[in-house]
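Chemist: coords please:
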Amino acid sequence: MTDCIFCQIIAGSIPANVVYEDDLVMAFHDIAPKADTHLLVIPKEHVVNLDDLRAEHGNLMQHLLFSIPKIAQQQQLNGYRTVTNTGKGGGQEVFHMHFHILAGAKLPGF
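Modeler: Residues are numbered from 1 along each chain as shown. Model (predicted):
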């Protein structure tokens, strides 16, 4: 999807501070961090959000969710919060599914 900023990051046409990448997912630093550590974990396949998931996304989602603790460990995080926003009313701003990994002193309250 050419107008999606995350798809452009995956394609390499927009730079990002990538901390993890494999065949299915990518993780990079958020450009407007809400915590000392604020990473975004995205599937390389364009999926809008949790409401857009289909049965065929099962392996992708399993892989993505199992990647989050691996990424946190590689970043030497001692505890972290994982958040995803779904839909405009849920606070989603970029309509490519992504999970936030937040850690450190500036953790937002919920």
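Chemist: going forward, measure contacts between C-alpha atoms and count neighbours the same way
Modeler: Will do.
Chemist: Longest strand of this protein, counting residues only.
Modeler: strand 37-43 (DSSP state E).
Chemist: by how many degrees do whatever helix or strand comes next after that one and strand 37-43 diverge?
Modeler: Downstream of strand 37-43, the next assigned helix or strand under DSSP states H and E is helix 58-74. Helix 58-74 runs at 160 degrees relative to strand 37-43, counting by axes from the mean of the first three to the mean of the last three C-alpha atoms, to 10 degrees.
Chemist: which residues are contacting helix 58-74?
Modeler: Helix 58-74 is contacted from outside by Val19, Tyr20, Leu24, Val25, Ala27, Val41, Ile42, Pro43, Tyr80, Ile101, using C-alpha atoms under 8 Å, 6 or more residues apart in numbering.
Chemist: now stretch 4-13
Modeler: By C-alpha under 8 Å, 6+ apart, the residues outside stretch 4-13 that reach it are Met1, Thr2, Ile14, Pro15, Ala16, Met26, Ile42, Lys44, His46, Val94, Phe95, His96.
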